[in-house]
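Trainee: Below are the sequence and a predicted model; questions follow.
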Amino acid sequence: MAAAAAAASLMTGRHYASTAAAGAGAATSQQQQQQQQWPSVAGAQESEGTPSSDPSLPLSASQQQQQQQQQQQSRRPPLGFVAGGHDVASFTPDRIRNFSIIAHVDHGKSTIADRLMEMTGALGARTTHNAQYLDKLQVERERGITVKAQTVSLVYEHKGLPYLLNLIDTPGHVDFSYEVSRSLAACQGALLVVDAGQGIQAQTVANFFLAFEQGMDLIPVVNKIDLPAADPRGCAEQMATAFDLDPGGVLFTSAKTGQGMEEVLPAVIERIRAPGGDPSAPLRMLLFDAFHDEYRGVVMLVEVVDGRVEVGMRVAMASTGTAYEVQEVGLQAPERHPTGRLHTGQVGYLLCGIKDLKAARVGDTLYASPPARLPGFRPAKAMVFAGLFPLGGDGQEFESLATAMDKLLLNDASVVVKRENSEALGPGFRCGFLGMLHMEIFTQRLQQEYGASVVTTTPMVPYVLEMPDGSSRTLESASEYPVDTRVARILEPTVTATIICPDGCVGRLMELCAGRRGEQLEHSSLGGGRSMLRYRLPLAELAGDFYSLVKSRSQGYASFDYEEGPYRPADLVRLDILAHGKPVDALARMVARDDAPHIGRALLVKMKDLLDRQQFEVVLQAAANGKIIARETLKALRKNVTAKCYGGDVTRKRKLLDRQKEGKRRMKRLGSIDVPQELFPELMKTR
């Protein structure tokens with residue numbers, strides 16, 4: 001019994017000894033880990049003369065309290081530029097990175113921007129915020145796409161040093177590629193984002209070459225790796241094959257869950273070069289965007305290429321030479337935050353009290369003393385033309401529309417505008433857009449942001465008319481087509497369209513392109529059950545429902561992109577709509593000769609349903625090539641003039657009917673009809 005008790009006591013003592021040793025070892029490893037994690041804190045303690053404790057000894061109460069405070073501080077989220085109290089003067093060019101996010105539509109650009117702002121504390125005390133924080137326009141919220149590039153300044157600490165990161169979130173649709181090109185001009189690198197479930201899409205290729213031409217540093221990112229159908233490795237191989245990028249440098253992220261996002265900003269700092277300006281050189285700034293503030297005037301977004309700018313300085317526009325005094329300067333962090341000055345390589349905003357909306361030209365150079373001008377931007381080339389007219393047509397509404405358009409053109413410099421007058425719609429504007437979606441977004445922004453009610457005429461592409469004498473002219477409106485003059489031939493603009501789709505829907509898309517007078521250029525397999533189709537299509541055929549038909553025939557899996565193609569001869573005629581013998585110039589359009597009867601008949605049927613009946617019979621006609629090709633008749637309203645006749649001879653009723661018939665004939669000869677403006681939006685959709 002005694003021996004057993006002694007053995008038990010010995011075992012118990014060994015157990016407690018081993019437990020204590022393990023506890024001491026755990027404490028030692030924990031403290032070593034803390035010293036590695038907070039070397040600056042430990043160094044500060046030693047410099048203050050605090051005696052370092054022996055790892056084998058237990059921590060005192062004050063040391064435990066200090067350790068808990070250090071742990072709480074390490075868990076605090078970053079404060080961002082504003083809450084962190086940072087100064088722009090502390091960020092030299094080698095600690096500045098300017099980058100953008102480029103990708104196809106709906107590949108997660110705006111969600112990545114949200115996560116980066118949360119990680120760096122740019123949103124401040126906002127514990128909850130709207131998804132896609134930088135998509136601030138109402139039209140962006142409604143459609144779920146980015147149509148306007150937005151900039152935000154982030155502060156991120158890397159290897160003990162804070163870095164100023166200027167992020168620009170860009171649109172993904174092909175119609176807003178000019179917006180992307182202007183944003184890239186203010187950057188030195190970009191995140192090339194690809195959806196792990198969809199792979200490389202058409203606009204991914206277009207954006208890559210846009211960045212490649214400007215010599216930018218690209219970081220490939222495969223996003224949405226949390227999707228059930230995601231194939232991250234396959235997407236990385238596609239990017240390596242298509243863009244010759246290193247597969248080992250691809251980042252795999254999920255902006256929705258946050259997985260892998262901690263690797264993005266360190267990669268931006270290490271793999272994107274710093275801006276290369278000269279801080280001691282005279283001031284030069286690139287104006288890459290602008291918008292109108294109701295109270296402050298024109299707000300200019302600039303990149304400081306050389307030198308620095310401060311409040312009180314006078315800066316001049318290189319295009320006009322007009323000088324302005326700088327009233328406010330600062331960063332977008334993400335809202336406007338005045339800093340008093342901006343230094344070389346930094347991207348921010350500038351307020352000079354400019355009230356003239358046409359004074360600030362996007363792509364211009366701002367300077368303090370006349371240096372060499374910056375290259376600026378290539379002017380945008382309009383691909384679709386349409387007329388915009390005020391609803392109502394009186395002088396006051398036209399002036400309101402002109403003011404609203406001046407404000408919006410400041411924010412969208414890719415639209416080409418000139419004055420136009422229509423017999424049916426009154427004074428208005430002939431506008432050139434980069435595409436059909438661009439036109440829809442522009443008119444929707446006019447209505448939502450400035451309260452302008454507009455009527456949009458049929459979209460029109462620019463045709464080239466070659467005359468028998470060898471001369472040529474550009475036709476931007478169908479109503480300007482010469483009816484009584486012989487035209488040798490008509491040249492229509494084309495596009496080279498690229499469609500990437502699953503193999504199962506290739507036949508349906510080929511049928512669609514052939515029905516739109518398309519010419520097949522290429523059909524190749526990309527592997528993984530995906531094919532690429534390249535067609536030469538008339539630009540006019542892309543108007544209307546072509547893009548939606550591409551999506552519907554591929555169950556949403558096809559992507560579509562196009563680039564400008566050559567002009568080619570086309571057999572076209574001018575289609576006129578006549579209401580009571582009078583042409584309605586706003587409804588005139590250029591159509592293929594074979595399609596003219598079908599389109600004319602469809603327009604007349606729609607007009608017959610929408611127009612109100614008159615006291616006289618109204619004849620609606622469609623004319624093409626000098627001939628009437630379709631007709632509809634709107635019957636007259638008829639009063640029952642025989643209602644008062646309860647009996648008597650039939651000749652009495654006949655006399656009343658003949659008198660009514662003569663009155664109707666006289667009204668038809670003297671009367672006229674106007675097509676109400678409210679009907680034009682519905683008639684424009686008819687194909």
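Mentor: Looks like it came in fine.
Trainee: Count the residues that sit near the nearest residue to R574 once chain neighbours are set aside.
Mentor: Computed as CB to CB, 6 or more residues apart in numbering, the closest residue to R574 that is not its neighbour in sequence is Y481, at 4.5 Å. C-beta here means a position set from N, CA and C on the backbone, and glycine is covered the same way. Y481 has 19 neighbours, counted by other CB atoms under 10 Å.
Trainee: Equivalent analysis for the one 5 residues further on, please.
Mentor: Applying the criterion other CB under 10 Å, we find 7 residues in the vicinity of R486.
Trainee: so who does it touch?
Mentor: By CB atoms under 8 Å, 6 or more residues apart in numbering, the residues touching R486 are M467, P468.
Trainee: which phi and psi does it have?
Mentor: In terms of degrees, to the nearest 10, the main-chain angles of R486 are phi -80, psi 140.
Trainee: Relative to P583, how far out is it?
Mentor: 20 Å (CB to CB, to the nearest Å).
Trainee: Remind me which helix or strand the nearest residue to K407 once chain neighbours are set aside belongs to.
Mentor: Distances taken as CB to CB, 6+ apart place H292 nearest to K407, at 4.5 Å, with adjacent residues excluded. Assigned by DSSP states H and E, H292 falls within strand 284-293.
Trainee: Give the pairing partners of that strand; include direction for each.
Mentor: strand 297-306 (antiparallel), strand 365-367 (antiparallel) (DSSP bridges).
Trainee: For R314, find the nearest of those strands.
Mentor: strand 365-367 (10.2 Å; CB to CB).
Trainee: Could you list the residues in contact with the closest one?
Mentor: With CB under 8 Å, 6+ apart, strand 365-367 has contacts from 282-287, 300, 302, 315-318, 350, 373-374, 376.
Trainee: Could you pick out the buried ones from those residues?
Mentor: 283-287, 300, 302, 315-318, 350, 374, 376 (16 or more other CB atoms under 10 Å).
Trainee: My guess is P583 contacts R574. True?
Mentor: No - at 10.3 Å, P583 does not count as touching R574 under the criterion of CB atoms under 8 Å.
Trainee: so is the residue nearest to Y450 when sequence neighbours are not counted in a helix, a strand, or just coil?
Mentor: Of all residues not flanking Y450 in the chain, A404 sits nearest, at 3.7 Å (CB to CB, 6+ apart). A404 falls in the helix class when you classify it by DSSP: H, G, I helix; E, B strand; the rest coil.
Trainee: A404 touches A452, doesn't it?
Mentor: Yes - between A404 and A452 a contact is recorded at 4.4 Å, counting by CB under 8 Å.
Trainee: ok so, going back, what about the residue nearest to K407, how many residues nearby?
Mentor: 20.
Trainee: now V305
Mentor: Neighbours of V305 (other CB under 10 Å): 22.
Trainee: from what I can see it touches L287, true?
Mentor: No - using CB under 8 Å, V305 is not in contact with L287, being 11.0 Å away.
Trainee: still on that earlier bit, the strands paired with strand 284-293: which one's closest to D169?
Mentor: That would be strand 297-306 among those, by CB to CB, at 13.1 Å.
Trainee: thinking again about what came up before, who touches the residue nearest to K407 in this structure?
Mentor: V298, V299, L357, K407, L410, N411.
Trainee: End to end on stretch 133-147, go ahead and measure it.
Mentor: 14 Å (CA to CA, to the nearest Å).
Trainee: meant to ask about stretch 318-333, not that
Mentor: Stretch 318-333 end-to-end distance (CA to CA) = 28 Å.
Trainee: how about it: buried residues?
Mentor: For stretch 318-333, by 16+ other CB under 10 Å, it's A318, Y324, V326, E328, V329, G330, L331, Q332, A333.
Trainee: okay, the second one: pLDDT?
Mentor: pLDDT recorded at Y324 is 91.
Trainee: ok, now the first one?
Mentor: Note for A318: predicted pLDDT of 85.
Trainee: isn't it right next to D364, touching?
Mentor: Yes - the pair A318 / D364 is scored as a contact, 5.8 Å apart, by CB under 8 Å.
Trainee: Okay, domains of this protein per the record?
Mentor: 81-271, 284-367, 384-459, 464-570, 579-685 (the TED database).
Trainee: Tell me which other helices or strands the longest strand anywhere in the chain touches.
Mentor: The single longest strand within the chain, with elements called by DSSP state E, is strand 489-502. Judged by 3 or more CB pairs under 8 Å, 6 or more residues apart in numbering; DSSP states H and E, strand 489-502 is in contact with helix 202-213, strand 463-466, helix 506-515, strand 530-538, strand 559-570.
Trainee: Put the alpha carbons of that strand into PDB.
Mentor: Provided in PDB are the C-alpha atoms of strand 489-502 (Å, rounded to 0.1, in the frame of the first residue of the first chain):
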ATOM      1  CA  ARG A 489     -23.400  54.500-104.300                       C
ATOM      2  CA  ILE A 490     -23.900  54.500-100.600                       C
ATOM      3  CA  LEU A 491     -21.100  53.300 -98.200                       C
ATOM      4  CA  GLU A 492     -22.200  52.100 -94.800                       C
ATOM      5  CA  PRO A 493     -19.900  51.700 -91.700                       C
ATOM      6  CA  THR A 494     -19.200  48.200 -90.400                       C
ATOM      7  CA  VAL A 495     -17.700  46.700 -87.200                       C
ATOM      8  CA  THR A 496     -15.600  43.700 -86.600                       C
ATOM      9  CA  ALA A 497     -17.600  41.900 -84.000                       C
ATOM     10  CA  THR A 498     -16.200  39.200 -81.600                       C
ATOM     11  CA  ILE A 499     -18.500  36.800 -79.900                       C
ATOM     12  CA  ILE A 500     -17.200  34.300 -77.400                       C
ATOM     13  CA  CYS A 501     -19.800  31.700 -76.500                       C
ATOM     14  CA  PRO A 502     -20.300  28.000 -75.500                       C
END
